[in-house]
Each structure stands twice: as structure tokens, then as C-alpha cells.
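Visitor: here is a sequence with its predicted model. Questions after.
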Amino acid sequence: MGFIDKLFGNSAKEEDKMTTEKLNIGIILGSTREGRVSPQVGEWVKGIADKRGDANYEIVDIADFNLPFLGTTDGTEPGIAKWNEKLANLDGFVFIVQEYNHSITGALKNALDFAREAWNNKAAGIVSYGSTGGARAAEHLRGIMGELMIADVRVHPTLSLFTDFENGSVFKPQSLHLDNVNAMLDQVNSWSGALKTVR
Ligand SMILES: Cc1cc2nc3c(=O)[nH]c(=O)nc-3n(C[C@H](O)[C@H](O)[C@H](O)COP(=O)(O)O)c2cc1C
């Protein structure tokens, strides 16, 4: 055992691990409908994020978990446990949010409701889209995140269905969003790292 270990036990090693290990950030696709555009937006965010090299970024697709509608089953579907496991292994989130009737999708709300501790004391950013940049949906999500003890960061890239998509379906983001996505990721990483100490 080295001098530092003898003095401080394993705590020095633990602290070292916390500062050198990369954070795991999930990019959560909020829509599940046939023909959705969220995978295009999620891949674009991941492309920008991966170039930074500061965290492990992964796309988390709610559709992959086949979550039932909350309260309609006995809760033993394997997707529910897998969803909680996936979230538990993440330190922070970027929500890809689309506006449905001035709010978030039912699929995202259902997925949010299917976990509790796995969300707590973590940070999140929002990238939203819609006719007004998905702003109304994003603000609803901020309220929900308060209850789930997810610290939502300030910077929020908003994409327009009119100027960042062709025919509302082919994603062609304007270059001005790049700086905003990076600034949002700066904040998500900073707070995700800080909140690790709380958990
Ligand atoms: C049920 C439904 C409701 C919608 N309501 C709104 C709305 O209130 N405001 C808005 O800006 N866009 C609205 N839209 C347009 C969506 O933002 C747009 O179709 C977007 O591509 C949806 O995301 P997705 O392709 O990932 O599902 C709505 C779309 C659907 C399917």
C-alpha cells in the first residue's frame, strides 16, 4: 500500500476516479411515432458532442424499451427494468424535445413517469423543435424536471420546423445553432459532474 493510501485509505483513489472518469450522458429521443424526425436531431447533437471528447454520449431511444402505458399493466415488463437500469447508469441527459399540442409527447411523459431515483440529482439540457422552436414543450419539461430533481441548464437550442427542416421532415440545421449546442453541453457536463458528488 502506498503512502497516500496509508494516510487516506481509499478515499484519495475514489476522488481521483471521480475527477478522471468520463461522464455518461444520454441523448434521449422524446418522440416514438412512425416517421418521427427526432433520430435526425439526436444524431446531429451526438455528432457535435462526440467531437468534444469530454464525455461518453449515447442515444437513448424510448421506443427501444417498449414501455407500456403507466398503470395499465402489473409493471413486470422487462422494458421497465431496462429503462431504469439505463437511466441509473447515466450521469446526465440531453432531451430531444418536440412540441405536441404545446407540450411534450405522451411517450416522453410516460417514460419520465416510469422512473424516479434514476433521474434524481442529475443534470439535463434540452434541444427542442416545433413551429416556435418547441419552446412551450421545453418549458413544460422544465416544470416536470423540478419534481424529478433534475437540474435543467439554462442554454437551450431551439430549432424551427420552418428554417431548420426541409418540408418539416429533412433536418438541415442552420449553422448558428452549433455554438448554442456546445454551450448547452458545457453546462450539462459541468452540473452532471458536480451532482455526482451529491449522489
Ligand atoms: C399530435 C401532434 C401535435 C402537434 N402539435 C404541435 C404544436 O402544438 N406546436 C408545434 O409547434 N408543433 C406541433 N406539432 C408538429 C410537430 O412539432 C412536428 O410534427 C415534429 O416533427 C414532431 O416531432 P417528431 O417528428 O419527432 O415526432 C404536432 C405534431 C403532432 C404529431
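Guide: Happy to help now that I have it.
Visitor: got a pLDDT number for Phe165?
Guide: Reported pLDDT at Phe165 in the predicted model: 98.
Visitor: which residue, neighbours along the chain excluded, lies closest to it?
Guide: Setting aside the residues directly before and after it, Phe165 is nearest to Phe171 in space (C-beta to C-beta, 6 or more residues apart in numbering), at 5.6 Å. Quick note: C-beta positions are derived from backbone N, CA and C, even for glycine.
Visitor: swap in Arg52?
Guide: Among residues not flanking Arg52 along the chain, Leu185 sits closest, at 6.5 Å (C-beta to C-beta, 6+ apart).
Visitor: okay, the one you found: pLDDT?
Guide: Value listed for Leu185 in the pLDDT field: 98.
Visitor: for it, phi and psi?
Guide: The phi/psi pair for Leu185 (degrees, to the nearest 10) reads phi -70, psi -40.
Visitor: so where do the strands sit in the protein?
Guide: With DSSP state E as the criterion, the chain has strands at 23-29, 55-61, 92-98, 122-130, 150-152, 158-160, 165-166, 170-171.
Visitor: format those as CSV; extra columns: mean neighbour count and distance to the ligand.
Guide: Output for the strands of the chain, formatted as CSV (neighbours: other C-beta atoms under 10 Å; distance: least, C-beta to the nearest ligand atom, whole Å):
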stretch, mean neighbour count, distance to the ligand
strand 23-29, 22, 8
strand 55-61, 18, 11
strand 92-98, 27, 3
strand 122-130, 26, 3
strand 150-152, 20, 20
strand 158-160, 20, 9
strand 165-166, 14, 7
strand 170-171, 13, 10
